[in-house]
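> Quick one: sequence and predicted model below, then my questions.
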Amino acid sequence: MAFPTLKTNRLKLRQITEADLENIFRGLSHPHVIRHYGVNYNTLDDTWEQLEWYAELERTHSGIWWAIDLAETGEFCGAIGYNNLSREHKKAELGFWLLPEFWKKGIIQESLEPVLEYGFKELHLHRVEAFVETENISSQKALLKQHFQQEGILRDSEIKDGRFISVAIFSKLKSDLKI
């Protein structure tokens with residue numbers, strides 16, 4: 001089955017390939033990106049692990065992630081997708097990140113619309129959930145603009161950089177989406 005390419009007015013969401021290695025490294029080694037992201041890499045070679053993770057999600061049908069490109073130029077902006085896909089429970093976890101030069105341009109908002117539609121229509125999800133560090137106000141705002149509901153906070157639920165952090169859980173149900 002062909003990888004689903006999603007398009008919006010400004011963006012093309014496409015399969016992540018080996019050619020994206022340097023861009024993935026640029027994002028997942030950038031201090032501003034990884035400040036609130038659960039994965040980071042110190043070398044280009046280490047970043048292969050992330051590409052293998054994206055490919056494994058596809059192989060095992062446990063998720064799907066897209067590269068976010070500007071449609072007009074093909075310039076790489078970031079990535080968005082689903083992991084921890086449970087067909088039994090009809091739910092998946094949503095994640096996303098952008099290179100800093102693309103922040104505050106509405107790219108995540110524009111990407112979320114076709115990704116959510118794909119999740120609810122094609123993957124037959126009932127629930128999409130997102131776990132966001134409580135200090136990551138930008139990602140929380142992006143989810144709230146898409147009418148996700150905050151369900152609660154998992155207090156001191158993870159250790160990052162030697163300290164406990166709290167994580168807010170957000171969800172959106174198929175019945176919340178107007179498709």
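Structure received. Numbering: from 1, shown residues only.

> For the rest of this, base every contact and every neighbour count on C-alpha atoms.
Will do.

> Show the subsequent helix or strand relative to the host helix or strand of S157.
Taking DSSP states H and E as the criterion, S157 maps to strand 149-160. Helices and strands here follow DSSP H and E; after strand 149-160, the next one along the chain is strand 163-173.

> other SSEs contacting that next one?
strand 127-133, strand 149-160 (3 or more CA pairs under 8 Å, 6 or more residues apart in numbering; DSSP states H and E).

> Highest mean neighbour count out of these?
strand 127-133 (a mean of 21; mean count of other CA atoms under 10 Å).

> now for the helix or strand just after that strand, which elements pack on it?
Per DSSP H and E, the first helix or strand lying C-terminal to strand 127-133 is helix 137-145. On a contact count with 3+ CA pairs under 8 Å, 6+ apart, helix 137-145 meets helix 107-121.

> CA atoms only for the helix it packs on, dumped as PDB, please.
Written as PDB, here are the backbone C-alpha positions of helix 107-121 (Å, rounded to 0.1, in the frame of the first residue of the first chain):
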ATOM      1  CA  ILE A 107       2.200  25.300  10.300                       C
ATOM      2  CA  ILE A 108       1.300  22.900  13.200                       C
ATOM      3  CA  GLN A 109      -2.400  24.100  13.000                       C
ATOM      4  CA  GLU A 110      -2.400  23.500   9.200                       C
ATOM      5  CA  SER A 111      -0.800  20.100   9.600                       C
ATOM      6  CA  LEU A 112      -3.100  19.000  12.400                       C
ATOM      7  CA  GLU A 113      -6.200  19.200  10.300                       C
ATOM      8  CA  PRO A 114      -5.300  16.600   7.600                       C
ATOM      9  CA  VAL A 115      -3.500  14.400  10.200                       C
ATOM     10  CA  LEU A 116      -6.500  14.300  12.500                       C
ATOM     11  CA  GLU A 117      -8.800  13.700   9.500                       C
ATOM     12  CA  TYR A 118      -6.600  10.800   8.400                       C
ATOM     13  CA  GLY A 119      -6.500   9.400  11.900                       C
ATOM     14  CA  PHE A 120     -10.300   9.400  12.400                       C
ATOM     15  CA  LYS A 121     -11.300   8.400   8.800                       C
END
